[in-house]
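Asker: just a sequence and a predicted model for now, questions to come.
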Amino acid sequence: MVARIAERWRVENSDASRRNAESCVPSTAGATQRRSIASVTPGVLFAQAVRLCTPADFGQSLKPFVCLEYEPLYPHARPHGHPRPYSGMAVLHLVLSGAVRFDDTTGNDGRLAAGGVAWLMSGCGAWQAAAPRSETTARIFRLGIALPPELEGLSAQSQYVAPSAAPQKGPVRVILGRYGTVAGALDTPPNVNVFHVQLHGGQRWLYSPPTGQTTSWIVVDRGRLRAQCEQSLGTIHQGELAIFEEAAGGMIAVQSEGTTSFIVGSSSKHPYPLIFDRFSVHTEQGAMTKAKGVIARAGRKLLARGRIP
């Protein structure tokens, strides 16, 4: 896993004004300084998923964002999916293509088309499964957000958001938090923004994270972006995670090369240490121990029903 920390970053000195293009600026934009990119990584293949960030590597610097990964769901896969146990995190699944059915041990479920969002506040423990419901391969983006102490021990809750329920402003679908005056479909935990942005060829997008949101990143789903930093331009290719340097202010400025789809996250810094294993992230060992008991009890029920192979 740690091998992927060999990061790749291409910087190309260029005149930042060499192209004229449409500019999309949120109402929070006001800073003129550009945030610099600290690193770019293509991730690593793990089973059938591509992991871009885990609590053991980039999650230490990106927290509360502690898990970022892509996963394809093939039409011939297990019809009810493979349940995964989570605790201490808010787990967001964005359906990028195809259709997917989600269900979880809170008793909730939902069938989501492309653009839909599955949201699980796993708290003190829950299982969730994703299964394809389309004739072609479905693709999902998974994001894990570490919860503060007051939320990590609560009972799990889930929500399944239809594509039409996520508000949009220009090229930006507001998944979590706020984009200017537009509130997203989800608003917990606080001080966290997640957007899905789609640009046409040559279109520019400027984003100034709110005051206090010092952590920021971009993952390119389709296409390619040119990120304008101070005195330079850099390329973010499809499938790559770009991590911006922590900054109290500053603007993120990108320009698409062809039609481009990407996910953006920004947040205030998670101030707690991370205690983690494969699917759980907590702020202290007692919360982890309690969650393991909840997960084990729910897992035995799933096993008896034949849901866990």
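Answerer: Perfect, I can see it now.
Asker: contacts, neighbours, all on C-alpha from now
Answerer: Will do.
Asker: which residues of the stretch 51-200 of the chain fall in strands?
Answerer: 65-73, 84-86, 89-97, 99-104, 109-113, 117-121, 126-132, 138-146, 157-161, 168-169, 172-176, 178-179, 182-183, 192-199 (DSSP state E, counting those that start in this stretch).
Asker: residues in contact with the fourth one?
Answerer: For strand 99-104, contacts defined as C-alpha atoms under 8 Å, 6 or more residues apart in numbering pick out 83, 109-114, 118, 126-134, 138, 158.
Asker: where does the chain dip in pLDDT?
Answerer: Low-confidence segments of the chain, defined by pLDDT under 70: 1-31, 230-233.
Asker: which strand residues bridge residue 220?
Answerer: residue 262 (DSSP bridges).
Asker: quick check, residue 298 in a helix?
Answerer: Yes. Judged by DSSP: H, G, I helix; E, B strand; the rest coil, residue 298 forms part of a helix.
Asker: in contact with it, which residues?
Answerer: Applying C-alpha under 8 Å, 6+ apart, the residues contacting residue 298 are 105, 126, 127.
Asker: next one: residue 250
Answerer: When contacts are counted by C-alpha under 8 Å, 6+ apart, residue 250 is found next to 31, 32, 33, 34, 35, 208, 209.
Asker: the second one touches residue 251, doesn't it?
Answerer: Yes. Contact between residue 32 and residue 251 holds when scored by C-alpha atoms under 8 Å: they sit 6.6 Å apart.
Asker: for residue 177, phi and psi?
Answerer: When read as degrees, to the nearest 10, the backbone of residue 177 gives phi 90, psi -140.
Asker: which ones are touching it?
Answerer: So residue 177 contacts 183, 184, 185, 186, 187, 188, 190, 191, 192, 193, 194 (C-alpha under 8 Å, 6+ apart).
Asker: if we go to 7 Å?
Answerer: 183, 184, 186, 187, 192, 193, 194 (C-alpha atoms under 7 Å, 6 or more residues apart in numbering).
Asker: most neighbours out of these, which is it?
Answerer: Top of these by neighbour number is residue 193, holding 26 neighbours under the definition other C-alpha atoms under 10 Å.
Asker: just checking, that residue touches residue 267?
Answerer: Yes. Applying C-alpha atoms under 7 Å as the test, residue 193 and residue 267 come out as touching, 6.2 Å apart.
Asker: how about stretch 48-56: buried residues?
Answerer: Within stretch 48-56, the residues that qualify as buried are 49, 50, 51, 52, 53, 54, 55, 56, counting by 16 or more other C-alpha atoms under 10 Å.
Asker: okay, these in a markdown table with distance to residue 219 next?
Answerer: Below are the buried residues of stretch 48-56 laid out as a markdown table (distance: C-alpha to C-alpha, whole Å):
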| residue | distance to residue 219 |
| --- | --- |
| 49 | 15 |
| 50 | 12 |
| 51 | 12 |
| 52 | 9 |
| 53 | 11 |
| 54 | 14 |
| 55 | 17 |
| 56 | 19 |
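Asker: quick one on the thing from earlier: so which of the strands of the stretch 51-200 of the chain gets nearest residue 297?
Answerer: strand 126-132 (10.0 Å; C-alpha to C-alpha).
Asker: filter the contacts of strand 99-104 to the buried ones?
Answerer: Buried members of the contacts of strand 99-104, scored by 16+ other C-alpha under 10 Å, are 83, 109-114, 118, 126-134, 138, 158.
Asker: thinking again about what came up before, more neighbours: residue 32 and residue 251, which one.
Answerer: Using other C-alpha under 10 Å as the criterion, residue 32 and residue 251 rank with residue 251 on top: 22 against 12.
Asker: what's stretch 73-87 in contact with?
Answerer: By C-alpha under 7 Å, 6+ apart, the residues outside stretch 73-87 that reach it are 122-132, 134-139, 279-281, 291, 295, 308.
Asker: now the angle from the helix or strand where residue 286 lies to strand 126-132?
Answerer: In the assignment (DSSP states H and E), residue 286 maps to helix 285-304. Here the directions of helix 285-304 and strand 126-132 differ by 50 degrees (axes from the mean of the first three to the mean of the last three C-alpha atoms, to 10 degrees).
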